[in-house]
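Student: take this sequence and fold it.
(chains A and B)
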Amino acid sequence: MIEWGLFAESWPAYASGLWLTVKLTVLSLVAGLALAIPLAVLRVSPSRWVSGPVWAYSYFFRGTPMLVQLLLMYYGLGQFEWVQAQWEAGNTFWLIFRDPYGCALLTFALNTGAYTTEIIAGALRAMPHGEIEAARACGMSRYTMLRRILLPGALRRALPAYSNEIIFMLHGTAIVSTVTLVDLTGAARNAYSQFFAPFEAFIFAGLIYLCITFALVGVFRLAERRWLAHLRPRSVARKAA
Amino acid sequence: MLHGYLPSLLDGAWVTLRVAVFSLLLALVLGLLGASSRLSPNPLLRLPATVYTTVVRGIPDLVMMLLIFYGGQVGINLVTDALGLDYVDVNPFVAGILTLGFIFGAYFTETFRGAFMAVPAGQLEAGRAYGMSRWQVFHRVLFPQMLRHALPGLGNNWQVMQKSTALVSIIGLSDITWLADQAGRSTHEPFLFYAVVCVFYLALTAVSGLVFRWLERRYSVGVRRAAA
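Tutor: Numbers count the residues shown, from 1 in each chain, chains lettered A, B, ... in the order given. The predicted structure follows:
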């Protein structure tokens, strides 16, 4: 017996939850990527003084659960009297840490930034020597080479791994319901407790996540066909007309 | 130390470790079964395995966990009502292990599938040509070589999985995250206790990194590597 009332009454909550999920996913991915590109360049530096701090940052964020990072940021920082004083004073920067949305966004951006740094750093290390030597032979400076050769090549090659990271991030945002935000999963939890219909509530949310995941996979397949065409096996590539 | 909460946190760490290890075992079994069915020539075996890996990997683990925990409770109530039995509570420990094992079984399926396909067919034909039985070919030739290809992927899956164990705190299991949350509330020092949880997970990551490096060395005996 299906509890149809759940869909009739809760769909607006699911819709606004979905909007929050999409907003959190997109904004944290954009911020994380912007953070990761310069950090990846530092991460592959031969100097330990440069790559070490980036390694420590990414080790922490990749080695601990995102749920614990979020709880640490949202519930943890309030422990310090100094932070509380900043809140009382109305300091705009520190008020981010009292807002669940700000905390979630910051945690997710730092988390995906850490994974993305490692993905791009891996792609930078895998750049063929020939391309770097050719760029040097053309007389490019280190910065020009980075901008014209290294980063465009590495970002293309990072595409398959990065598409996985995007899907992990979409699924990862489900934990924001623990800090009082109502995202898609939060809407499902509310609908469950209102109607006591776990299958309808959670399968509905699950199907929406599934559709977004499929859409993302499809978009990335197209993107890879466009930007990684030169890396496809010859037999698969279409003959030139 | 830690306002007397250390023993309680250690209990929580022990719960987390048990959840991680038992769900790893379940995921390994499901992964091997799933990979065998995905590679089977029989479409009746192939289709359910494909649906399993596609659907599970498309849904957040938390949603899956809530579905299995709350849905399982309703399902069990229906069964016990129909049979006239007493009310049975779903144990969050069991629900957590079943959910994590079920979810990561799908990821392990894909890892094992790639690894099985990476073993050259000639090796298996050679085994058959020596008169080995199917089982002998599997456990002497296919399995050890498959494991070598699978280990890096398994290591990644395991790292993701052990961090997912923190989610069981949401369905009320007294794991290290849940106990730290309680301790933080009663002492008004939440930062301290969450930081301890972070240290625990970092230690777990570091130790499993070492174990996997050792396993990879052991299973790549006899492989020639190009000098870096």
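Student: and the pLDDT for residue 38?
Tutor: I'll assume chain A. Looking at A:P38, its pLDDT stands at 95.
Student: wait, chain B was what I had in mind.
Tutor: 91.
Student: residues near it, how many?
Tutor: 21 (other CB atoms under 10 Å in any protein chain shown). Where C-beta positions appear, they are placed from N, C-alpha and C, glycine not excepted.
Student: got the contact list for the closest residue to it other than its chain neighbours?
Tutor: In space, and not counting its chain neighbours, B:R38 is closest to B:A49: 4.4 Å by CB to CB, 6 or more residues apart in numbering or on different chains. With contacts defined as CB atoms under 8 Å, 6 or more residues apart in numbering or on different chains, B:A49 is in contact with B:G34, B:A35, B:S37, B:R38, B:T109.
Student: how near is B:A49 to chain A?
Tutor: 17 Å (CB to the nearest CB, to the nearest Å).
Student: quick check: which element contains that residue?
Tutor: Using DSSP states H and E, B:A49 maps to helix B:43-57.
Student: give the rounded mean pLDDT of that helix.
Tutor: 92.
Student: for it, which positions count as buried?
Tutor: B:L45, B:A49, B:Y52, B:T53, B:V56, B:R57 (16 or more other CB atoms under 10 Å in any protein chain shown).
Student: chain center to the helix or strand just after that helix, what's the gap?
Tutor: Downstream of helix B:43-57, the next assigned helix or strand under DSSP H and E is helix B:61-83. Chain-centre distance of helix B:61-83: 21 Å, with CA atoms, centre = their mean, to the nearest Å.
Student: next: stretch B:34-47.
Tutor: Per CA atoms, centre = their mean, the centroid offset for stretch B:34-47 relative to its chain is 21 Å.
Student: which element follows whichever helix in chain A runs longest toward the C-terminus?
Tutor: For chain A, the longest helix by residue count, based on DSSP state H, is helix A:4-43. Counting by DSSP H and E, the next helix or strand C-terminal to helix A:4-43 is helix A:48-63.
Student: quick one: contacts of that next one?
Tutor: Everything outside helix A:48-63 that qualifies as a contact, by CB under 8 Å, 6+ apart, is A:39, A:42-45, A:69, A:110-111, A:113-115, A:117-118, B:159, B:198, B:201-202, B:205-206.
Student: redo that, cut-off 10 Å
Tutor: A:35-36, A:38-45, A:69, A:107, A:110-118, A:121, B:159-160, B:162-163, B:198-199, B:201-206, B:209 (CB atoms under 10 Å, 6 or more residues apart in numbering or on different chains).
Student: which among those residues count as buried?
Tutor: For the contacts of helix A:48-63, buried by 16+ other CB under 10 Å: A:35-36, A:39-44, A:69, A:107, A:110-118, A:121, B:159, B:162-163, B:198, B:201, B:204-205.
Student: tell me which entries of those residues lie within helices.
Tutor: Short answer: these in helices (DSSP H) are A:35-36, A:39-43, A:69, A:107, A:110-118, A:121, B:159, B:162-163, B:198, B:201, B:204-205.
Student: chain A: which of the buried residues of helix B:43-57 is nearest?
Tutor: Among those, B:R57 lies closest to chain A (CB to the nearest CB), at 7.8 Å.
Student: for the helix or strand of chain B with the lowest mean pLDDT, buried residues please.
Tutor: Least confident helix or strand, chain B: helix B:61-83 with a mean of 88, by mean pLDDT, DSSP states H and E. For helix B:61-83, the neighbour count (16+ other CB under 10 Å) marks B:61-73 as buried.
Student: tell me which other helices or strands that helix touches.
Tutor: Counting contacts by 3 or more CB pairs under 10 Å, 6 or more residues apart in numbering or on different chains; DSSP states H and E, helix B:61-83 packs against helix A:159-172, helix A:184-195, helix A:198-227, helix B:92-118, helix B:143-164.
Student: helix, strand or coil for the residue nearest in space to the middle of chain B?
Tutor: The residue lying closest to the centre of chain B (CA atoms, centre = their mean) is B:L24, at 3.4 Å. Secondary structure assignment for B:L24 (DSSP: H, G, I helix; E, B strand; the rest coil): helix.
Student: quick check: A:F196 touching A:N190?
Tutor: No - counting by CB atoms under 10 Å, A:F196 sits too far from A:N190 to count as a contact (11.9 Å).
Student: who has more neighbours, those two?
Tutor: A:N190 (17 against 12).
Student: how near is that one to A:G139?
Tutor: A:N190 sits 62 Å away from A:G139, taking CB to CB, to the nearest Å as the criterion.
Student: and for A:A36?
Tutor: 29 Å.
Student: with B:A195 instead?
Tutor: Between B:A195 and A:G139 the distance is 51 Å, computed by CB to CB.
Student: of these two, give the one with the bigger neighbour count.
Tutor: B:A195 (17 against 8).
Student: now do the contacts for the more buried one.
Tutor: B:A195 neighbours (CB under 10 Å, 6+ apart): A:T64, A:V68, A:L72, A:G76, B:A180, B:G184, B:E189.
Student: let's see 7 Å
Tutor: A:L72 (CB atoms under 7 Å, 6 or more residues apart in numbering or on different chains).
Student: any stretches of chain B with poor pLDDT?
Tutor: For chain B, the stretches flagged by pLDDT under 70 are B:1, B:225-228.
Student: what does chain A give?
Tutor: For chain A, the ranges with pLDDT under 70 are A:1, A:233-241.
Student: how about the residues of it by chain B?
Tutor: A:63-65, A:67-68, A:71-72, A:75-77, A:79-80, A:171, A:174-175, A:178, A:185, A:188-189, A:192, A:198-199, A:202-203, A:205-206, A:209-210, A:213-214 (CB under 7 Å from any CB of the partner chain).
Student: what about burial for these, which qualify?
Tutor: Using 16+ other CB under 10 Å, the buried members of the residues of chain A next to chain B are A:63-65, A:67-68, A:71-72, A:75-77, A:79, A:171, A:174-175, A:178, A:185, A:188-189, A:192, A:198-199, A:202-203, A:205-206, A:209-210, A:213.
Student: tell me the contacts of the nearest residue to B:Y201 once chain neighbours are set aside?
Tutor: Residue nearest to B:Y201 in three dimensions, not counting chain neighbours: A:T64, with 4.6 Å by CB to CB, 6+ apart. Going by CB under 7 Å, 6+ apart, A:T64 touches B:C198, B:Y201, B:L202.
Student: looking at the residues you listed, which one is closest to B:V79?
Tutor: B:V79 has its nearest neighbour among those in B:Y201, at 36.9 Å by CB to CB.
Student: tell me who's in contact with the closest one.
Tutor: Counted by CB under 7 Å, 6+ apart, B:Y201 has contacts A:G63, A:T64, A:P65, A:V68, B:K163.
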